[in-house]
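Student: only geometry, no sequence info:
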């Protein structure tokens, strides 16, 4: 299912550079409200900023080829609608770490402890993964 277009100032969908896939914001339906919670809580705490969600899954699933059709490289987990990258708006550079430690700590606590999502912090972005099985039971990391 396609991630809905942002309402108000809670989040922004980014990505899809020229020449790459134009439809990269697809997720399993149950993951969409989870991302909305992240955006709402982040905006509720830091009203001067909003979340940028990037690189989810392709409409048809399969390997997320963000490197322009060479079908190699990272994003192996972005093939089933369970992953999304977080990017920073406040710094204007599109990559974490976020503006300050307070934002980093708030998001990490929200994602890992409150929402119980898998979080991988990389130099270029933070990957979050919704680990529920199709039947709704909790999956492993």
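Tutor: Ah, there it is. Keep in mind that what you see is a predicted model, and the values were worked out from it rather than measured. Residues are numbered from 1 along each chain as shown.

Student: can you pull out the helices in the chain?
Tutor: Counting by DSSP state H, the chain has helices at residues 32-45, 101-108.

Student: and residue 77, which of those helices is closest to it?
Tutor: Across the helices of the chain, residue 77 has its closest neighbour in helix 32-45 (15.5 Å, C-beta to C-beta). (C-beta placed from N, C-alpha, C; glycine too.)

Student: Now do the buried residues in that closest one.
Tutor: Across helix 32-45, burial judged by 16 or more other C-beta atoms under 10 Å covers 32, 34, 35, 36, 38, 39, 41, 42, 43.

Student: can I assume residue 39 is in contact with residue 11?
Tutor: Yes: between residue 39 and residue 11 there is a contact at 3.8 Å, judged by C-beta atoms under 8 Å.

Student: what's the overlap in contacts for those two?
Tutor: Common neighbours of residue 39 and residue 11 are listed as 50, 51, 53 (criterion: C-beta atoms under 8 Å, 6 or more residues apart in numbering).

Student: Just the ones in strands from those, please.
Tutor: Residues of these located in strands (DSSP state E): 51, 53.

Student: among the shared contacts of residue 39 and residue 11, who's most crowded?
Tutor: Each of the shared contacts of residue 39 and residue 11 was scored for neighbours by other C-beta atoms under 10 Å, and residue 51 scores highest at 27 neighbours.

Student: Would you mind confirming that that one makes contact with residue 36?
Tutor: No: Residue 51 is beyond contact range of residue 36, at 9.8 Å (criterion: C-beta under 8 Å).

Student: overlap in contacts of those two?
Tutor: What both residue 51 and residue 36 touch, as defined by C-beta under 8 Å, 6+ apart, is the set 10, 11.

Student: on that earlier part again, between the helices of the chain, which gets nearest to residue 82?
Tutor: Closest to residue 82 of the helices of the chain is helix 32-45 (C-beta to C-beta; 10.2 Å).

Student: Can you get me the start-to-end distance on stretch 43-62?
Tutor: Terminal residues of stretch 43-62 lie 32 Å apart, using C-alpha to C-alpha, to the nearest Å.
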